[in-house]
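Asker: I need the structure of the sequence given here:
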Amino acid sequence: MESRRSLLAAIAAALIAVPTAGVGQVQSKVWRVGFLTSRSRPAALDTDYLSAWVPRLREFGYIQGANLTIDWRFGEGNSERLQAMAAELVRLGPDAVIAGGTPAALAMQRATSTIPVVIAGVADPVGFGMVESLARPGRNITGTAILATDLSIKGLEFLLAVVPNLKQVAVLLNPANPIAAVALKQIQAAAARAGIGVVPFEASSASQINAAFAAMAQTSVGALIVAPDPFITGQAGQIVELATRNRLPAMYSFRPFVEIGGLMYYGQNVYDNFARAATYVARIFKGANPAELPVEQPTQFEFVVNRKGAAAIGLTLPTSILLRADQVID
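Answerer: Modelled structure (predicted):
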């Protein structure tokens, strides 16, 4: 009888111990997130928009160095390197990967169909076959989309308000990014309706950006549109400096350009776009299926101008532009 009671007690203890161990394992799990972008690594990553999702993820209880490991990968504008990095991230076995920008998202799409991929700063995920629809992605990819290509037309409109006698506009684009061709076609169509010529300049490296501006100086372009691209955005300091040196009024696709002296920007706040990726990662960590998480599109846009940037190129911003701006940086 005594041995029977001892056996029952041992079984009861084992039944109690199993769920307790399971809870401990869940609580002690260290989650792994990969991050991929075609940009170069920023000098101050903590304050760059690329890392805007890290503090937001902390609000959900996922803290780097405690229960979160982040594997950062920067393609530096090199398509082959970007694809190799995507494969490398897959081998690391992350719980999710954040793809910053269209080239990185396409690289991750080619690298895996099972690991959850959260996109940020990506244009037209449906058109590029990343998701079946915005409402129901149907695959391992979801996240936040941008409307950068559509907004390029609006950028031309603002440029015309600043340079009313504009005859030719330069477009700086990265040929390695598939959305560049889409943006260029839209700008060309809008410019044709306004009777303006478009001169494209391609660049996918710092040296090519220098060469592009040298070539612009040899033409009669009166303004510049910088097409959306993660690598080009990463070269914002170089581009703003060259545009200022050449006294070229420029419209940019992302806010970081005007924060450092660029003339104008119209679009959605890229910091917010990347921060929202954290919500997707947190939901996936809690068991949500990315195939069923709708892709978000921006509903609010901002127009920001830099008055000091205008003065640096000998330009006075018209009152109509200042009144339409959501923010004027002095």
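Asker: quick check, pLDDT for residue 79.
Answerer: Looking at residue 79, its pLDDT is 85.
Asker: for it, the count of nearby residues, please.
Answerer: Neighbourhood size, residue 79 [other CB atoms under 10 Å]: 15. For the C-beta atoms, the positions are set from N, CA and C on the backbone; glycine is no exception.
Asker: change the start of the numbering to 52 and stick with it
Answerer: Shifting the count to begin at 52 puts that one at residue 130.
Asker: wait, it touches residue 153, no?
Answerer: No - contact criterion CB atoms under 8 Å: residue 130 and residue 153 do not qualify, at 11.8 Å.
Asker: which residue ranges of the stretch 202-351 of the chain form helices?
Answerer: Taking DSSP state H, counting those that start in this stretch as the test, the helices found in the stretch 202-351 of the chain are 229-244, 257-267, 281-285, 287-296, 306-310, 321-326, 328-336.
Asker: out of those helices, the one nearest residue 147 is which?
Answerer: For residue 147, the closest of the helices of the stretch 202-351 of the chain is helix 328-336, at 5.2 Å, according to CB to CB.
Asker: can you pull the buried residues of that closest one?
Answerer: Under the neighbour-count criterion of 16 or more other CB atoms under 10 Å, helix 328-336 has 328, 329, 330, 331, 332, 333, 334, 335, 336 buried.
Asker: tell me the one of these nearest residue 299?
Answerer: Closest approach to residue 299 among the buried residues of helix 328-336 (CB to CB): residue 328, at 33.5 Å.
Asker: so how far is residue 219 from that closest one?
Answerer: Residue 328 sits 38 Å away from residue 219, going by CB to CB, to the nearest Å.
Asker: shaky segments in the stretch 202-351 of the chain?
Answerer: For the stretch 202-351 of the chain, residues meeting the criterion pLDDT under 70 lie at 203.
Asker: can you rerun that using 80?
Answerer: Under the criterion pLDDT under 80, the flagged ranges of the stretch 202-351 of the chain are 202-204.
Asker: that older thread, nearest to residue 172, of the helices of the stretch 202-351 of the chain?
Answerer: Smallest distance to residue 172 across the helices of the stretch 202-351 of the chain (CB to CB): 5.7 Å, for helix 321-326.
Asker: which other residues reach the closest one?
Answerer: The contact list for helix 321-326 (CB atoms under 8 Å, 6 or more residues apart in numbering) reads 100-104, 106-107, 151, 171-172, 195, 197, 284, 305-307, 349.
Asker: can you tell me which of these are in strands?
Answerer: Using DSSP state E, the subset of the contacts of helix 321-326 located in strands is 151, 171, 172, 195, 197.
Asker: how about those residues in a markdown table, adding distance to residue 114?
Answerer: Output for the ones in strands among the contacts of helix 321-326, formatted as a markdown table (distance: CB to CB, whole Å):
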| residue | distance to residue 114 |
| --- | --- |
| 151 | 21 |
| 171 | 20 |
| 172 | 24 |
| 195 | 22 |
| 197 | 28 |
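Asker: distance of the residue nearest to residue 313 when sequence neighbours are not counted from residue 316?
Answerer: Leaving aside its sequence neighbours, residue 313 sits nearest to residue 291 (CB to CB, 6 or more residues apart in numbering; 4.6 Å). Here residue 291 is placed at a distance of 11 Å from residue 316 (CB to CB).
Asker: intersection of neighbour lists for those two?
Answerer: Common neighbours of residue 291 and residue 316, using CB under 8 Å, 6+ apart, are residue 308.
Asker: more crowded one of the two?
Answerer: residue 316 (29 against 24).
Asker: list the contacts of that one.
Answerer: 302, 303, 304, 305, 306, 308, 309, 353, 354, 355, 356.
Asker: try 6 Å this time
Answerer: Applying CB atoms under 6 Å, 6 or more residues apart in numbering, one finds that residue 316 lies in contact with 303, 306, 308, 309, 355.
Asker: by neighbours, which of the residues you listed wins?
Answerer: Most neighbours among the contacts of residue 316, by other CB under 10 Å: residue 303, with 29 neighbours.
Asker: can I assume it is in contact with residue 313?
Answerer: Yes - counting by CB atoms under 6 Å, residue 303 touches residue 313, with 5.1 Å between them.
Asker: perfect, that will be all.
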